[in-house]
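# Prediction below, plus the sequence it came from.
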Amino acid sequence: MNLNNRIKLSTMMFLEFFIWGAWFVTLGTFLGHNLSATGGQSAAVFSTQSWGAIIAPFIIGLIADRYFNAEKILGILHLVGAVLMYQMYNATDMTAFYPYVLAYMILFMPTLALVNSVSFNQMKDPEKEFSTIRVWGTIGWIAAGLLISYVFHWDTDQGVKDGLLKNTFMMGAVVSLILGLFSFTLPKTPPKVASGEKVKISEILGLDALKLLKDKNFAIFFISSILICIPLAFYYQNAHSFLSNVGLENPTGKMTIGQVSEVLFLLLLPVFFSKFGFKKTILVGMLAWGVRYALFAYGNASDLSFMLIIGIALHGICYDFFFVSGQIYTNAAAGEKYKSSAQGLITLATYGVGMLIGFEVAGLITDTYKTSEGAFDWKMIWIIPSGIAFVVFLLFTLFFTDKKKVEA
């Protein structure tokens, strides 16, 4: 890959994940303080990510892969997204906010696949080249968090009280506009499928790979993937609100420790995977979810603040050792015939169905443990997903058999 394209693709990844990190991390706190949202209402807003993940394959499979260049669709989606983000910035109540965030996530989630498609199209050896491009996405997410906490100070106690968190949407809108325009300068990525060629809906959604569920081990992995997304949803929906509520300074900036951890453990994953095999690797990931929430339940922002920091830092193990190793396992278990369909199916099961259930459960639990004075019993709110993670860990330990090591 020539240097010009490498710089363009790295910039694209940086901006793509900067946009997401600019508003999604602080969303829970914004909803609670700026829009006085209940746990159920927050769950509905966070669930738009799942609806976006469910609808994304149709946009990619029926439009992007058949009629238009990927970089042009990426540009259009981000330009429209900038307008929607600006409307989210202006919204003053949940009734006005929800339609815009739903529309935005339906348009944003397909861009995650589009940036990968544009990148892969320029690579001769994606296995070696992609990670050096994708890492700029994580750097973008980290940069957004650091700006919010240490430059603009929007997430301080006073900043939250003054409603400054809504500025995250304006920042996201501006960067979305920049990426939308920049996308039209990206390397050309033509449609993969001829416009007249028939495409089955089952192929788009990965439903062809349902045949893999006949294998007991894959079925257990599939069910576990859905179940582990329930505790995962608690982190997305409640972590920033919790850290702000208990008084941890610069919570958005400190949460970027999780992304730094993600990069480090991603580098360690191939070594761990090849040495210990899939089952032990994914069990470590499941165990990390349970431990992380237990640390949140019993830690505080003063003498036990180190427990909160460790909990944040465990994000790398939680995400990489479960989701990334799961993608590797799925790729090996599916074989050539169902490789693409299987990845689509797992994405639909986790970010679609699993997270959708998870956000609903998280909203219900949060409302249940909210006192009449408006305070939260954070200990119980974190103990419950911790318990769920440990149950999934136990079920996977007992019923999954690692017949052979999958080569990372």
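Yes, it's here. Residues are numbered from 1 along each chain as shown.
# From T168, how far out is G247?
20 Å (CB to CB, to the nearest Å). Any C-beta I mention is one placed from the backbone N, CA and C, and that applies to glycine too.
# which of those two has more neighbours?
Regarding G247 and T168, a neighbour count based on other CB atoms under 10 Å identifies T168 as having more, with 28 against 12.
# Contacts only, for the residue nearest to the more buried one when sequence neighbours are not counted.
Once flanking residues are discounted, T168 sits nearest to W23: 4.3 Å by CB to CB, 6 or more residues apart in numbering. With contact taken as CB atoms under 8 Å, 6 or more residues apart in numbering, W23 is in contact with 30, 85, 88, 168-169, 171-172.
# cool, and M109?
49, 52-53, 55-56.
# These into a markdown table, with extra columns for distance to T111?
Formatted as a markdown table, those follow (distance: CB to CB, whole Å):
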| residue | distance to T111 |
| --- | --- |
| Q49 | 13 |
| G52 | 10 |
| A53 | 12 |
| I55 | 13 |
| A56 | 9 |
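# Now, those that are in helices?
The helices, defined by DSSP state H, take in 49, 52-53, 55-56 from these.
# on that earlier part again, which one among the contacts of W23 gets closest to L364?
F30 (20.5 Å; CB to CB).
# That closest one is in contact with L165, isn't it?
Yes: counting by CB atoms under 8 Å, F30 does reach L165; the two are 4.4 Å apart.
# Of those two, which one has the most company?
Under the neighbour definition other CB under 10 Å, F30 and L165 were set side by side, and F30 has more, 28 against 23.
# Relative to S224, how far out is that one?
For F30 relative to S224 (CB to CB), the value is 32 Å.
# now do S261
For S261 relative to S224 (CB to CB), the value is 22 Å.
# How about the contacts made by the spatially most central residue of the chain?
The centroid of the chain falls nearest to Y351 when counting by CA atoms, centre = their mean (7.7 Å). The contact partners of Y351, by CB under 8 Å, 6+ apart, come to 49-50, 53, 229.
# let's see it at 6 Å
By CB atoms under 6 Å, 6 or more residues apart in numbering, the residues touching Y351 are A53.
# Check for me that it belongs to a helix.
Yes: assigned with DSSP: H, G, I helix; E, B strand; the rest coil, Y351 falls within a helix.
# per the record, what domains does the chain have?
According to automatic domain parsing, the chain comprises the domains 1-190, 203-408.
# could I have the helix or strand that contains W20 exported to CSV, CA atoms only?
Per DSSP states H and E: W20 is located in helix 3-23. What follows is helix 3-23, C-alpha atoms only, in CSV (Å, rounded to 0.1, in the frame of the first residue of the first chain):
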residue,chain,number,x,y,z
LEU,A,3,1.9,6.0,1.8
ASN,A,4,-0.8,8.3,0.5
ASN,A,5,-3.5,5.6,0.9
ARG,A,6,-2.1,4.5,4.2
ILE,A,7,-2.4,8.1,5.6
LYS,A,8,-6.0,8.4,4.1
LEU,A,9,-7.2,5.1,5.6
SER,A,10,-5.6,5.8,9.0
THR,A,11,-7.3,9.3,9.0
MET,A,12,-10.6,7.7,8.1
MET,A,13,-10.3,5.2,11.0
PHE,A,14,-9.3,7.9,13.4
LEU,A,15,-12.3,10.1,12.5
GLU,A,16,-14.8,7.2,12.4
PHE,A,17,-14.1,6.1,16.0
PHE,A,18,-13.5,9.7,17.2
ILE,A,19,-17.1,10.4,16.3
TRP,A,20,-18.4,7.4,18.2
GLY,A,21,-16.2,8.0,21.2
ALA,A,22,-17.1,11.7,21.3
TRP,A,23,-20.7,11.1,22.5
